[in-house]
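S.K.: predicted model and sequence follow; I will ask about them next.
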Amino acid sequence: MVHNDGVDYIPLPTWKVFMIQLLNIAGLGPIFGALGGAIWGPSVYLWIVLGTIFAGGVHDYLSGMISLREDGKSISEVVGNHMGSTMLTIMRVFSVVLLVLVGTVFMTGPAGLLHTLTGINGTILLLCVLTYYFLATLLPIDTLIARFYPLFGACLIIMALGIMGGMLFGVGGHTMPEMQLANLHPLGSEKMPIWPLMFITVACGAISGFHSTQSPIMARCLKDERLGRPVFYGAMVSEGIIALIWAAAGITFYDSTGGLAAAMKAGGAGTVVYDICVGFMGGGVGAVLAMLGVIACPITSGDTAFRSARLTLADWFGVDQVKSSKRLMFAVPLLAIGGLLSQMDFNIIWRYFSWTNQTLAMIVLWTGAVYLFRTKKGTNSWLIPAVPATFMSAVTCTYILQAPEGFQLGMSISYPAGIIFAVICAALYLRTTLLRKN
């Protein structure tokens with residue numbers, strides 16, 4: 001450990017780093033995203049599996065390892081170092097905006113659910129969550145995060161395994177439907193096509209740009225870079241498995257995609273999670289794990305989102321974070337902005353977060369491709385991130401052209417435009433690497 005400042009650079013046991021990384025990147029992502037994607041039917045299983053192995057795992061591993069080899073730099077600095085000054089500026093702004101959106105999303109959701117369960121004033125609960133975020137953002141990483149996150153991470157895993165056991169043993173008389181690739185969305189394929197809507201909706205369950213903002217936090221705590229594969233790639237695979245379980249649970253428990261969609265619309269994803277946990281695990285253990293899942297897990301992603309935003313700004317302006325006064329100068333305004341955004345419509349914030357999230361993942365994959373080309377000359381290792389980067393370029397472009405919160409263009413325009421954009425990205429990459437080499 002070259003840098004040990006007692007605040008952000010603190011060596012931790014590998015198992016703790018893994019559990020913290022899993023909880024940081026997971027939150028509600030592999031639960032809410034997987035349930036939302038399951039409305040399209042069992043075809044979501046294929047994307048979760050392939051996306052996790054060939055896109056999400058590659059993205060998380062590269063972002064963590066490159067940061068580790070560059071002194072734990074934030075992802076915006078990593079991207080700028082390999083993609084140029086213009087991209088550095090874009091990524092700095094993009095990362096901070098995404099992280100504040102993530103923190104806001106994971107602030108309002110738990111506060112709203114706690115209000116429903118306890119009847120306590122929602123504003124008071126929101127202030128309580130905000131106070132915790134302030135402490136977790138400000139204090140050394142081993143004060144709160146390293147102490148409590150492994151416990152919550154274990155709860156997330158146990159909850160998923162309990163759900164899987166309930167499905168396998170047919171608890172409640174539910175039968176998992178056969179695998180099929182058809183679009184089973186209740187609104188039909190014309191209104192809700194699988195491409196690109198499902199790929200964006202699943203988000204963290206297959207690939208997530210948010211993960212690249214979290215990996216540098218753990219890169220500063222790893223004792224050896226050889227531990228990067230089990231921590232960064234391993235945590236993403238674990239999240240993919242959790243997402244796969246929840247996607248299957250959503251379709252199985254409600255007996256159809258129509259039943260799942262109706263439940264999501266009527267009570268929200270939090271209520272669906274609660275019902276599934278109680279239905280498959282009983283009202284005792286299931287209810288407790290459900291509450292931990294939909295309250296504790298998002299909070300533990302929200303606080304590290306604000307912490308990562310603080311580190312991103314600190315790297316941006318070159319401000320050392322050892323003194324608490326210097327941490328305060330970033331933490332206070334970030335949390336104040338998050339508090340103001342929490343008063344907006346949750347659904348609007350979530351939709352923009354989803355697209356921003358996947359766009360960041362696409363940029364980081366292209367950065368990984370550039371890095372591997374430069375450092376692994378003579379090999380074709382750059383193809384490992386370049387292929388999913390091209391795919392995600394098409395997904396993100398098509399989505400923003402087609403989505404209600406985007407340009408609302410028809411498929412006849414958005415589909416070819418997305419493919420053209422992906423081809424342009426790939427061509428630009430080849431021009432600046434392979435062709436320049438020759």
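M.R.: Received, thanks. What you see is a predicted model; the values in this text were computed from it and never measured.

S.K.: distance of residue 129 relative to residue 75?
M.R.: According to Cβ to Cβ, to the nearest Å, residue 129 stands 25 Å off from residue 75. C-betas here are computed from N, CA, C, even on glycine.

S.K.: repeat that for residue 363.
M.R.: Distance from residue 363 to residue 75, by Cβ to Cβ: 9 Å.

S.K.: joint contacts of these two?
M.R.: residue 91 (Cβ atoms under 8 Å, 6 or more residues apart in numbering).

S.K.: what about residue 173, how many residues nearby?
M.R.: For residue 173, the count of nearby residues is 6 (other Cβ atoms under 10 Å).

S.K.: actually, residue 54.
M.R.: For residue 54, using other Cβ under 10 Å, the count is 17.

S.K.: low-confidence regions, the stretch 1-150 of the chain specifically.
M.R.: Filtered on pLDDT under 70, the stretch 1-150 of the chain yields the residue ranges 1-3, 113, 116-117.

S.K.: kindly report the same for the stretch 201-350 of the chain.
M.R.: Using pLDDT under 70, the stretch 201-350 of the chain drops low at 344-350.

S.K.: in space, what's closest to residue 69 - neighbours in sequence excluded?
M.R.: Sequence neighbours aside, residue 225 is the residue nearest to residue 69 in space, at 6.9 Å (criterion: Cβ to Cβ, 6 or more residues apart in numbering).

S.K.: what about the one you found, distance to residue 416?
M.R.: Counting by Cβ to Cβ - residue 225 and residue 416 are separated by 43 Å.

S.K.: repeat for residue 398
M.R.: Residue 398 is 9 Å from residue 416, by Cβ to Cβ.

S.K.: tell me which of these two has more neighbours.
M.R.: residue 398 (28 against 11).

S.K.: give me the number of residues near residue 85?
M.R.: What residue 85 shows, counting by other Cβ under 10 Å, is a neighbour count of 9.

S.K.: try residue 147
M.R.: 11.

S.K.: returning to what we had before: more neighbours: residue 363 and residue 75, which one.
M.R.: residue 75 (31 against 25).

S.K.: quick one, phi/psi of the more buried one?
M.R.: phi -60, psi -30 (degrees, to the nearest 10).

S.K.: so it touches residue 94, yeah?
M.R.: No. Using Cβ atoms under 8 Å, residue 75 makes no contact with residue 94, being 9.7 Å away.

S.K.: okay, buried residues for the helix or strand encompassing residue 250 please.
M.R.: If you go by DSSP states H and E, residue 250 is part of helix 234-253. Neighbour-count burial for helix 234-253 flags 234-236, 238-253 (criterion: 16 or more other Cβ atoms under 10 Å).

S.K.: what packs against it?
M.R.: Applying 3 or more Cβ pairs under 8 Å, 6 or more residues apart in numbering; DSSP states H and E, we find helix 234-253 packed against helix 14-26, helix 34-38, helix 43-51, helix 57-69, helix 145-168, helix 257-281.

S.K.: quick check: angle from it to helix 257-281?
M.R.: Angle of helix 234-253 versus helix 257-281, following axes from the mean of the first three to the mean of the last three Cα atoms, to 10 degrees, is 110 degrees.

S.K.: tilt between helix 234-253 and helix 14-26?
M.R.: Between helix 234-253 and helix 14-26, the angle comes out at 50 degrees (the same axes, to 10 degrees).

S.K.: helix 234-253 vs helix 145-168, what angle?
M.R.: Using the same axes, to 10 degrees: helix 234-253 against helix 145-168 is 40 degrees.

S.K.: please state the offset of helix 234-253 from the chain centre?
M.R.: In terms of Cα atoms, centre = their mean, to the nearest Å, the centre of helix 234-253 is found 14 Å from the chain centre.
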